[in-house]
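Peer 1: Give me coordinates for this.
(2 chains)
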There are 2 protein chains.
Amino acid sequence: MSVICVGTMAFDAIETPFGKTDRIVGGSATYVAYAAGNFVTPVQQISIVGYDFPKEEMDELKRRGVSLDGVEIVKDKKSFFWSGKYHMDMNSRDTLVTDLNVLADFNPVVPDSYQGADFLMLGNLMPKLQLSVINQLKVRPKLIVMDTMNFWMDTAMDDLKEVLQKVDVLLVNDAEARQLSGELSLVKAAREIIKMGPKFLIIKKGEHGALLFHENHVFFAPALPLEEVFDPTGAGDTFAGGFIGHLAKTKDISFENMKTAIIIGSAMASFCVEKFGPERLKEISKADIDERLTEFVQLVNFDIDLV
Amino acid sequence: MSVICVGTMAFDAIETPFGKTDRIVGGSATYVAYAAGNFVTPVQQISIVGYDFPKEEMDELKRRGVSLDGVEIVKDKKSFFWSGKYHMDMNSRDTLVTDLNVLADFNPVVPDSYQGADFLMLGNLMPKLQLSVINQLKVRPKLIVMDTMNFWMDTAMDDLKEVLQKVDVLLVNDAEARQLSGELSLVKAAREIIKMGPKFLIIKKGEHGALLFHENHVFFAPALPLEEVFDPTGAGDTFAGGFIGHLAKTKDISFENMKTAIIIGSAMASFCVEKFGPERLKEISKADIDERLTEFVQLVNFDIDLV
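Peer 2: From the prediction side, this is the model:
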């Protein structure tokens, strides 16, 4: 079972109340691959990098069963670079620098070897590019999951709405759900967004967990209460990677299995925030993941007698 | 099994983005009694009201098995009055008016008929008064639950700390937990607060649910995602009433049973916010409560195989 993952592979420079990094590896597709790779191979990347993207990182991804056939390497340009600073509450951040570099020319091409994939993860990217990938696939995947952000709602809403009609699951945060729907109540927002196309909607609330909406059903996954959130960068992408990774592994796209997938996504995200960048994701073992999942079970499990 | 409940019985005037009330009945002990009364009788109130507190409200409470022997009625003064206006997000509010009236003279006296109660709910009140009630009890209750607020941290921290040493469960919201502990991380805040006395700590996060801490364990109860939060006034007291009501009904103060009690508290709070004041709490039946609890089970229940 394979998963195509489209998104950025890039550099970030991050400042949080707890520390500061120089340029480290980041990008939505990088986080998705590191997370999903624990559950399914191959993860088939579609991305673009410059001459400066580290060969060791590429090798590490390959070693984990990530296919890089769809990653274009531009010899005379730099990789996409983002720099940001988190506020004290770690829920909000300021963008300091956005250097598009190679991303300005990104025209994702689906390699022939990727055709026939059952799962497609559209990382946060210009909606036109997300659409282009969908249109290049000769057979529609069983499940298309899409991430996006407020920037595209501000600048490319029509394109975004076109993509929404073609996807199964949309991932947004609470502010984005409100912006996209024009509704303050998340329950009402979900109802409006589901009318736009996706049959499933996941609203991420950071440290407050995530909600999954489908028809008239709602499921809630908490975030693990952590002593310290060291760096939230990539937590949403890691969540997405764990989510689609579990669905692809189990080949089950029912609402019931999506509940489990969201818990697994939350567990993966809880690792991601423990160190800068994807560092922690490279360290963890299957046993670490299972232990963390046990913590999630204990966190929400209760007995009730309804008589 | 009886529960003593100390707190205010008062009038509120409330303005929310959805509407506005004139003076309606409120007060922490009122909400606790309406919620707890669904699970246990008698709820033994200790409070103070003025000549203006409605006889019909007293009768309604009595009809529900609430004992008012400990409620002092002051013939020549008005009841405590609070007026507030909620912001658009419903998570924050401004106090417009606080008329202490009878509350300025409140000296809670525990009636002889209340002695021997197994459960004590100390509603949000001046810490000295909370302490006075504890000291009047000839036999220490099996469980003492205490609510408080930032105002007492600002103005009576020493007294507050003295009460904390004598209670089993503390209820605060996230901002108050941070203020009380000086820690930003709720996990660290919980560890510090538990050192101050209470063996169990509940941190309420409004629409984001509630956390229960005990030793090294943590449990999370979500809030039900609601289409509209009409009026949050009293939600925290209603939560407390459902929580202690269930514990008293089941006579089980284990951590495991507290998890269930928090879910029940959350369910009761989800009714409270649907209408102004305690109105909705007066309408609901046992069947309504069970139906709501089923929604909570569906909201968080998931299957996971750990291999």
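Peer 1: Whichever residue of the stretch 51-200 of chain A sits closest to chain B: which element?
Peer 2: Closest approach of the stretch 51-200 of chain A to chain B (CB to the nearest CB) occurs at A:Val187, with a separation of 4.5 Å. Using the backbone N, CA and C atoms, a C-beta is placed for each residue, glycine as well. Using DSSP states H and E, the element containing A:Val187 is helix A:186-195.
Peer 1: can you list the residues that contact that helix?
Peer 2: If you take CB atoms under 8 Å, 6 or more residues apart in numbering or on different chains as the criterion, helix A:186-195 is touched by A:164, A:170, A:172, A:174, A:177-178, A:180-183, A:201, A:203, A:211, A:213-215, A:218, B:225-227.
Peer 1: how about a cut-off of 7 Å?
Peer 2: A:170, A:174, A:177-178, A:180-181, A:183, A:201, A:203, A:211, A:213, B:225-227 (CB atoms under 7 Å, 6 or more residues apart in numbering or on different chains).
Peer 1: for the helix or strand following that helix, packing partners?
Peer 2: On the C-terminal side of helix A:186-195, the closest following helix or strand by DSSP H and E is strand A:200-204. Contacts defined by 3 or more CB pairs under 7 Å, 6 or more residues apart in numbering or on different chains; DSSP states H and E place strand A:200-204 against strand A:169-173, helix A:186-195, strand A:210-214.
Peer 1: Now the longest one: average pLDDT?
Peer 2: Translated: helix A:186-195. Throughout helix A:186-195, pLDDT has a mean value of 97.
Peer 1: quick one on the thing from earlier: list the buried residues of the helix holding A:Val187.
Peer 2: By neighbour count with 16 or more other CB atoms under 10 Å in any protein chain shown, helix A:186-195 contains the buried residues A:Leu186, A:Val187, A:Lys188, A:Ala189, A:Ala190, A:Arg191, A:Ile193, A:Ile194.
Peer 1: again with stretch A:107-126
Peer 2: A:108, A:110-111, A:114, A:117-126.
Peer 1: now do stretch A:13-23
Peer 2: Of all the residues in stretch A:13-23, those buried under the rule 16+ other CB under 10 Å are A:Ala13, A:Ile14, A:Glu15, A:Thr16, A:Thr21.
Peer 1: Show the backbone phi and psi for the closest residue in space to A:Thr148 that isn't next to it in sequence.
Peer 2: Spatially, and ignoring its direct neighbours in sequence, A:Thr148 is nearest to A:Asn124 (5.7 Å; CB to CB, 6 or more residues apart in numbering or on different chains). Taking degrees, to the nearest 10, you get phi -60, psi 120 for the backbone angles of A:Asn124.
Peer 1: Who are the contact partners of A:Asn124?
Peer 2: Neighbours of A:Asn124 in contact, by CB under 7 Å, 6+ apart: A:Gly7, A:Ser28, A:Asp147, A:Thr148, A:Met149.
Peer 1: Any idea how many residues pack against the third one?
Peer 2: The burial count assigned to A:Asp147 is 27, neighbours taken as other CB atoms under 10 Å in any protein chain shown.
Peer 1: Show me the beta-bridge partners of it.
Peer 2: In this structure, A:Asp147 has beta-bridge partners A:Leu171, where bridges are defined by DSSP bridges.
Peer 1: what sits against A:Phe302?
Peer 2: The neighbours of A:Phe302, taking CB under 7 Å, 6+ apart as the test, are B:Lys259, B:Thr260, B:Ile263.
Peer 1: Equivalent analysis for A:Leu224, please.
Peer 2: Shown in contact with A:Leu224 (CB under 7 Å, 6+ apart): A:Ser266, A:Ser270, A:Glu295, A:Phe296, A:Leu299.
Peer 1: If we check chain B, which of the residues you listed are in contact?
Peer 2: Subset of the contacts of A:Leu224 in contact with chain B: A:Leu299, counting by CB under 7 Å from any CB of the partner chain.
Peer 1: quick check, nearest of the contacts of A:Leu224 to chain B?
Peer 2: Each of the contacts of A:Leu224 was checked against chain B using CB to the nearest CB; the closest is A:Leu299, at 5.0 Å.
Peer 1: Excluding chain neighbours, what is closest to A:Glu72?
Peer 2: Closest residue in space to A:Glu72, ignoring its immediate chain neighbours: A:Ile48 at 4.5 Å, by CB to CB, 6+ apart.
Peer 1: phi, psi of that neighbour?
Peer 2: Torsion angles, degrees, to the nearest 10, at A:Ile48: phi -140, psi 140.
Peer 1: I figured it was touching A:Phe106, is that so?
Peer 2: Yes: with contact defined as CB atoms under 7 Å, A:Ile48 counts as touching A:Phe106 (4.6 Å).
Peer 1: Direction-wise, compare the lengthiest helix in chain A with strand A:169-173 and give the angle.
Peer 2: Identified as the longest helix of chain A according to DSSP state H is helix A:255-272. Going by axes from the mean of the first three to the mean of the last three CA atoms, to 10 degrees, helix A:255-272 is angled at 40 degrees with respect to strand A:169-173.
Peer 1: buried ones in helix A:255-272?
Peer 2: Within helix A:255-272, the residues that count as buried by 16+ other CB under 10 Å are A:257-272.
Peer 1: what's the spacing between the residue nearest the centre of chain A and B:Thr148?
Peer 2: When chain A is reduced to its mean C-alpha position, the nearest residue by CA atoms, centre = their mean turns out to be A:Asp237, at 2.5 Å. Here the distance between A:Asp237 and B:Thr148 works out to 40 Å (CB to CB, to the nearest Å).
Peer 1: pLDDT below threshold where in the stretch 151-300 of chain A?
Peer 2: Scanning the stretch 151-300 of chain A for pLDDT under 70 picks out nothing.
Peer 1: Closest one to chain A out of the contacts of A:Phe302, please.
Peer 2: Each of these was scored against chain A by CB to the nearest CB, and B:Lys259 proved nearest at 4.1 Å.
Peer 1: Could I get the contacting residues of the closest one?
Peer 2: B:Lys259 sits next to A:Phe302, B:Leu212, B:Phe219 when contact means CB under 7 Å, 6+ apart.
Peer 1: From these, pick the one nearest B:Leu61.
Peer 2: Nearest to B:Leu61 among the contacts of B:Lys259: B:Leu212, at 28.5 Å, using CB to CB.
Peer 1: count of neighbours near that closest one?
Peer 2: Number of residues near B:Leu212 (other CB under 10 Å) recorded here: 21.
Peer 1: hmm, back to that, tell me the spacing between the residue nearest to A:Glu72 and chain B.
Peer 2: 36 Å (CB to the nearest CB, to the nearest Å).
Peer 1: Contact partners for that residue?
Peer 2: If you count contacts by CB under 7 Å, 6+ apart, A:Ile48 has them with A:Val71, A:Glu72, A:Val74, A:Val102, A:Leu103, A:Phe106.
Peer 1: Quick check: the farthest pair among those residues?
Peer 2: With CB to CB as the measure, no two of the contacts of A:Ile48 lie farther apart than A:Val71 and A:Leu103, at 12.9 Å.
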